[in-house]
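S.K.: Please find the sequence and the predicted model below.
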Amino acid sequence: MDKNILQKLAENSEKYMQFETDRMITWCGMCGNFGVQNALKRALTLENISRNEVLFCYDIGCSGNGSDKIEGYTIHGLHGRVISLAAGAAIANSRIKVIAEAGDGATFSEGVNHLIHGVRNDYPIMFLHHNNQNYGLTTGQASACTIKGAKMNGAPYGVYEEPLNPLQIVLSLNPSFVARCFSGDVPHMTSVFQEALKHKGFAFVEVLQSCPTYNKETPEDWYRERVKFIEDKKDYDVKNIWDARKIVDDQEKEIYIGVLYRNEERENFLKCVQGRKGLETELVDEVERVVISPAERG
Amino acid sequence: MNRLKIKIGGESGSGLLSIGNILVDALNEMGLNVVADREYPSLIKGLPSCFIINAAKREINSLSKEIDILLAIDKQSLVHYFDDLKDGGILIHGYERLSGIEDILKKAEGKNIKVVHLKARETAIAQGGKVLMSNTVLLGMLWKVIGCDPKFAELQLVKKFEDKQNLIEINVKCFKAGFENVEKILEIEYPKNAEKKIIIDGNHAIALGGINCGVRAYYAYPMSPASSILTHMAEMSEKTGVLVKQVEDEISTVQMVLGSMFMGTRAFTATSGGGYDLMTETVSLAGMIECPLVVVIAQRPGPATGLPTWTMQGDLNLACYSSHGEFTRLVISVSDSEDAFYLIQEAFNYAEEIQIPVIVLTEKYIAESKMSVPKFDIEKVPIKRGLVKKEELASLKNSDRYAITETGVSKRWLPGTAGAYYFANGDEHLEDGSLTEESLDASEMYAKRLRKTDYLRSILPDPEIYGNEKDADISFVGWGSSKRVIKDIINLENILGKKLKVNYLHFSYLFPLKEEKLKKFFEDNHNVHLIEGNYTGQFGEMVEKIGLKFKNKLLKFDGRPFFVEDAISYILKNV
């Protein structure tokens, strides 16, 4: 890790510590969630975002069990619906950074329509896709991202469906920000999260996350052998969606991590939505009488 | 003439709505009280549909089944609606080939019906108009038949085409051609200096009420008969600055509402029963994290797709008992275009002050029927946010958010506004929202949330009595649009010659049920009946559960509202 970053964290330890909890953590030892949570706290500190300037929205599952393990305003909502919930919150007050987190079950099965429309609308949220390739909290069933042939709870003879390619799906939706990280590399995750926090629209960040208890097919070492930094790829243009679509096709040999695609020119939802153009105030500050007669139209 | 009853029939898409609306606006402008509803099939073009308009000098709130005047735009609707016309009524049509409707004309003679006829298409073309303007000719004929001053209708024509100057002149010409070439038959009485009323449908009133009480975001997925709230909200958005968003499905819609309300603005959504089914998991979450939520259900007959463009009071049980787990909620029902404006505002106050989901029921009949109502009093319902005062923000503790209290209501403040923060946890939790599975902690928090039901019941307004409080010959208890028909009955001088005392107890706040006045109403009246637009008498069951017993029940579930005649024939059988 960059020594300057450690130095910066040390200087801002008070800010970092405001997110720290003394509650008992209930994830399994070696669970990828530890790394994700740590990197998130670091990124918030480095981006100078304090506890009062962020809302964490959690889906259901092991990642969701982190909802009271980070100090700050959190919502622990329903399965599959966190993108919509977070979007509604973010729209109401853009002074507060909204971070939504969900697993592969929520994102690519239960609530896949919300992902599609979340990206399409470019809602101003950072979205963390915890991809551990299984349903952990319900004890290891297959998800839509589980590798074909893996023997899972409920699929004792091996998963017979082809897995989805999450980033290929997201990239097909004309997103404004797509990144991928690996839960075993906290410093790299931190820097990617920082970029995602700075992004104005929908920042999709996939974390390839080890699950020591249920994911035997792609454990920590499996990823460690395969991940490569996108910065090291020659002639790669982060603004070219076709470069990104090409590179995410490989889910088995060379898995590139980092910010894979960004379109800074796209205007986010709040800049586009009808009736709000030119307005600088936040919806939360506007709750008061507005009188319009029955005959009036826009 | 007490009540003028007009039906305009035409194929869906025939321009029926335009002349209907011009007629309704003109009658309202004259100071008459108007109620007007559309009946139409669930399709875009073809098949007969109609506009029913009742107008009177005195207050009216409901519709009559009987028709004095049928205006038929095309042959199909002439045939379809002819039998609704009363003996001695008036048929207005512009059909050209009379040989094609000989049977009907013969029947009309037998029923002593006056036929008013002009070749409408020919007349319109002779004025330089297009075929569709034969509707304006028909409007002119109708206007003359009911004996009204043409200036009122012409004014509305000018308004309607104000963006298209060339159409104004030609439409006024067509109107005049219709008006001048038929005879006056009726003499309509109208007040000379009446206070001007507005004419508005229930969905429009809900939209305006929401905006009036500080709604800043409206999320929706289209579903009849709630869809026009989205239309209204969107069309007004440039002026109001309300963020209006059509979302991918009802689940997402209600989640976005919840997210926005959690962050601290006012937002809501409206749907019908099927869409609400999809929202119920979120309603449960709102109950658990004690986040205010307002959802409007515009009822239509179910189950499944049912009768999508017709009316019903069939989703009370859905509103009261849907969603998993037990939690406090409030169910309110609007009854007409007037209280829709105020009750949506009350819904937000209760949702925010008690920190609960509030479900507001309306019906297709209320949502889409237009009604003359007094100008809205924009200050009548104060905005009550239920948030802690600014001075208190600095001294808050995290555990204040879900603190166990006697009423069940804890302090609420918005994300980012205080040093203290909280976890809005869908899992069972402690006072700061952190997760617990301990028996005592879990049960205390569970009971805290449900104690809000008793508290809410204690502060809710009582149901309202219409007519005399006591000793009626027949009494009714009901909710929603039932109020409209019974109010009209109460206002009658006699019922088919009989002098009968009728009274009515109306519930706007349905659940939790306020019992005291209800029990008193049963004590004070000997012949109490239920009136409800469904098969099982859902509200009736709630009332009878507390030990009261209705003499009989007036129920209806054919997709139509209660007409005046429905109530009259029931009353005559049950006094």
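M.R.: Structure received.
S.K.: and the longest helix for chain B?
M.R.: Looking across chain B with DSSP state H, the single longest helix is helix B:439-459.
S.K.: In terms of secondary structure, what does that helix contact?
M.R.: In terms of contacts (3 or more CB pairs under 8 Å, 6 or more residues apart in numbering or on different chains; DSSP states H and E), helix B:439-459 is packed against helix B:337-354. All C-beta atoms are positioned from the backbone trio N, CA, C, and that covers glycine.
S.K.: Correct me if wrong, but A:Asn48 is in a strand.
M.R.: No - using DSSP: H, G, I helix; E, B strand; the rest coil, the assignment for A:Asn48 is coil, not a strand.
S.K.: Relative to A:Val54, how far out is it?
M.R.: 11 Å (CB to CB, to the nearest Å).
S.K.: out of these two, which sits in the busier spot?
M.R.: Ranked by neighbour count (other CB atoms under 10 Å in any protein chain shown), A:Asn48 and A:Val54 place A:Val54 first, with 24 against 9.
S.K.: pLDDT wise, what is that one at?
M.R.: A:Val54 carries a pLDDT score of 98 in this model.
S.K.: Off-centre distance for the longest helix of chain B?
M.R.: Its chain's C-alpha centre and that of helix B:439-459 lie 33 Å apart, by CA atoms, centre = their mean, to the nearest Å.
S.K.: and the next element down the chain from that helix?
M.R.: Using DSSP states H and E, the helix or strand that follows helix B:439-459 in sequence is strand B:464-466.
S.K.: so where is the chain shaky, pLDDT-wise?
M.R.: Going with chain A. Applying pLDDT under 70 to chain A flags the ranges A:1, A:298.
S.K.: The intended chain is chain B.
M.R.: Checking chain B against pLDDT under 70 turns up B:1.
S.K.: Domain map for it?
M.R.: B:4-180, B:199-373, B:390-459, B:464-573 (automatic domain parsing).
S.K.: Residues of the stretch 101-250 of chain A that sit close to chain B?
M.R.: A:Asn113, A:His114, A:Ile116, A:His117 (CB under 8 Å from any CB of the partner chain).
S.K.: rerun at 7 Å
M.R.: A:Asn113, A:His114, A:His117 (CB under 7 Å from any CB of the partner chain).
S.K.: And the next helix or strand past the host helix or strand of the first one?
M.R.: Element membership of A:Asn113, judged by DSSP H and E, is helix A:112-121. Tracing the chain past helix A:112-121, the next element assigned as helix or strand by DSSP H and E is strand A:126-131.
S.K.: Give the other helices and strands that that following strand contacts.
M.R.: strand A:97-103, strand A:203-208 (3 or more CB pairs under 7 Å, 6 or more residues apart in numbering or on different chains; DSSP states H and E).
S.K.: sorry, back to before: give me the angle between the helix holding A:Asn113 and strand A:97-103.
M.R.: 150 degrees (axes from the mean of the first three to the mean of the last three CA atoms, to 10 degrees).
S.K.: what's in contact with helix A:112-121?
M.R.: A:81, A:83-84, A:87, A:107, A:127, A:170, A:173, A:175, A:202, A:204, A:269, B:248-249, B:252 (CB atoms under 7 Å, 6 or more residues apart in numbering or on different chains).
S.K.: Setting aside sequence neighbours, what's the nearest residue to residue 114?
M.R.: I'll assume chain A. Of all residues not flanking A:His114 in the chain, A:Ile83 sits nearest, at 4.3 Å (CB to CB, 6 or more residues apart in numbering or on different chains).
S.K.: that's the wrong chain, I wanted chain B
M.R.: B:Ile90 (4.9 Å).
S.K.: List the buried residues in the host helix or strand of the one you found.
M.R.: Take DSSP H and E as the rule and B:Ile90 turns out to sit in strand B:85-93. Across strand B:85-93, burial judged by 16 or more other CB atoms under 10 Å in any protein chain shown covers B:Leu85, B:Lys86, B:Gly89, B:Ile90, B:Leu91, B:Ile92, B:His93.
S.K.: what's the answer for stretch B:30-50, then?
M.R.: B:30-40, B:48-50.
S.K.: on that earlier part again, tell me the strands beside the strand holding B:Ile90, with direction?
M.R.: strand B:67-72 (parallel), strand B:114-117 (parallel) (DSSP bridges).
S.K.: contacts for it?
M.R.: Residues contacting strand B:85-93 (CB under 7 Å, 6+ apart): B:66-72, B:78, B:108, B:111-117, B:138, B:141-142, B:145, B:185.
S.K.: same thing but at 8 Å, please
M.R.: For strand B:85-93, contacts defined as CB atoms under 8 Å, 6 or more residues apart in numbering or on different chains pick out B:7, B:66-72, B:78, B:82, B:101, B:108, B:111-117, B:120, B:138, B:141-142, B:145, B:185-186.
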